[in-house]
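Chemist: sequence plus the predicted model coming up.
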Amino acid sequence: MTNVALDRRSLLAAGGTVLATGVLVSAFPGLLVPARADGLAPTQSMSGGANNYRKGAAIVERIGKGGFWMSGTVRRAGDGAPLAGQRIQIWAHTVEGQEHEPQSHGATLTDKDGKFRLEMPQIIPIFGQPHGHLAYDSGEFKTVFLRPVMRSAKETSLEAHFVLQPA
Amino acid sequence: MREWKSARAVLIWVALVLAIGVPIAAAAASEQLAWRGPVYILAGFAGIIALGLVLVQPLLIGGYLPGLPAYRGRRAHHWIGGALAVAVVIHVAGLWFTSPPDMIDALTYTSPTPFSPFGVTAMWAIFIIAVLALLRRRLGLRLRTWRIVHIPLAIVIVAGSVVHCLLIEGTMETISKAALCALVLAATVKVMIDLWRRRTLRGESVPRH
């Protein structure tokens, strides 16, 4: 049996150390956080992002008659390198159809800088918020569903950015 | 004196009809309707009408509506309460039909829209009161017990409905919507104060046996 000697002095010292560490951590939060060797964190799917998703929307020049721009970037988690040729699916409730209808869906590919841009009909408020849906689901990276909300229903463009991690 | 009374009665009813009618008319003129299906439109208007009924309820209980004092007002309150529950069912069913995944998110409190949990909570409060009201006699709930249950749930309904409605970007026009919400809050606060006053007055004047 080990005899643990806990006298008042050692308790006070221990307490003091804990206290000092606490003060230090709250004053300099960077001190005890491990260095960000991982770099850019992957984008998490947003709640409700996958609603009314249809698998395999075709790559199109433009959804419907256009007039509204959905754009964004696709990068790799960690080093943030732009990912070219990635397929992004886009859908929304627009002036030309409801969210679940096939004509409201389309897909596009990112360019060499990892950027994508697809013209689509004007998004209108549905279920109380003017919002769009985007998906990356090609399998090479983990699937991500986004649901960005427009600041105002009058806006004619919307952005969404993907940071993908290997599947 | 009598003339003033009848003029006042007409004014109160006209004000009530305007408070509920103007937001409905403004929503009916919304350009958003052009891009919605009939079921979605029906669901939206069921929600607006439900908010209008939430305004009528405290007015009836307070006896503020001319021609509907105490007893008759309370009977009307029961029927309007039933209509409110039906309106909410139409609202939720219509939205479910329009976009099932969005409605499931709302009902399970996992929706990304901040207004959904307020509406769903108010809905449950409405359903609880409706069921208890139907069973009140069978359960043998006394008026006092009934009020202890009903008043907190009524506050949940009013607060939940108002926040739900104000945060939604839809067919309702902003000013008429805000005005209706303000009236719902004002009517509720007034009836709560009046009920509390009446209770204290009675407590002082009637000796306990």
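Modeler: Happy to help now that I have it. Numbers count the residues shown, from 1 in each chain, chains lettered A, B, ... in the order given.

Chemist: what are the boundaries of the helices in chain A?
Modeler: A:8-27 (DSSP state H).

Chemist: can I see the domain layout of it?
Modeler: According to automatic domain parsing, chain A comprises the domains A:1-33, A:68-164.

Chemist: so how far is A:Gly48 from B:Val120?
Modeler: From B:Val120 across to A:Gly48, the span is 14 Å (CB to CB, to the nearest Å). For every residue, glycine as well, the C-beta is placed using N, CA and C.

Chemist: need the winner for burial among the domains of chain A.
Modeler: The highest mean neighbour count among the domains of chain A, using mean count of other CB atoms under 10 Å in any protein chain shown, belongs to domain A:68-164: a mean of 19.

Chemist: how much space is there between the spatially most central residue of chain A and chain B?
Modeler: Residue closest to the mean C-alpha point of chain A, counted by CA atoms, centre = their mean, is A:Thr43 at 3.5 Å. Relative to chain B, A:Thr43 is positioned 15 Å away (CB to the nearest CB, to the nearest Å).

Chemist: correct me if wrong: that residue contacts A:Leu164.
Modeler: Yes. Counting by CB atoms under 8 Å, A:Thr43 does reach A:Leu164; the two are 7.3 Å apart.

Chemist: name the helix or strand for B:Val22, please.
Modeler: Per DSSP states H and E, B:Val22 falls inside helix B:2-28.

Chemist: could you do B:Lys190 as well?
Modeler: For B:Lys190, the element it lies in under DSSP H and E is helix B:174-205.

Chemist: quick one: name the residues of chain B near chain A.
Modeler: By CB under 8 Å from any CB of the partner chain, the residues of chain B that approach chain A are B:32, B:34-35, B:37, B:95, B:98-99, B:101-102, B:105, B:110-113, B:115-116, B:167-170.

Chemist: OK, contacts around residue 150?
Modeler: Looking at chain A here, since you left the chain open. Contacts for A:Met150 (CB atoms under 8 Å, 6 or more residues apart in numbering or on different chains) come out as A:Ile123, A:Pro130, A:His131, A:Gly132, A:Leu158.

Chemist: if you could check chain B rather than the one you did, that'd help
Modeler: B:Ile129, B:Leu132 are the contacts of B:His150 under CB under 8 Å, 6+ apart.

Chemist: please report how far it lies from chain A.
Modeler: In this view, B:His150 and chain A are 29 Å apart by CB to the nearest CB.

Chemist: from the centroid of chain B, which residue is nearest?
Modeler: In chain B, the C-alpha nearest the mean C-alpha coordinate belongs to B:Val54, at 1.3 Å (CA atoms, centre = their mean).

Chemist: and that one, what element?
Modeler: Assigned by DSSP H and E, B:Val54 falls in helix B:38-62.

Chemist: from the opening residue of stretch A:60-76 to its closing one, how far?
Modeler: One end of stretch A:60-76 sits 24 Å from the other (CA to CA, to the nearest Å).

Chemist: can you tell if it touches chain B?
Modeler: No. Applying CB under 8 Å from any CB, one finds stretch A:60-76 separated from chain B by no less than 12.4 Å.

Chemist: how far off centre is that stretch?
Modeler: Taking CA atoms, centre = their mean, to the nearest Å, one finds the center of stretch A:60-76 at 17 Å from the center of the full chain.

Chemist: got the residues of chain A near chain B?
Modeler: Residues of chain A lying near chain B by CB under 8 Å from any CB: A:46-52, A:93-95, A:98-100, A:124-130, A:147, A:153.

Chemist: same thing but 6 Å
Modeler: Taking CB under 6 Å from any CB of the partner chain, the part of chain A that reaches chain B is made up of A:Ser47, A:Gly48, A:Asn51, A:Val95, A:Ile124, A:Pro125, A:Phe127, A:Gly128, A:Gln129, A:Arg147.
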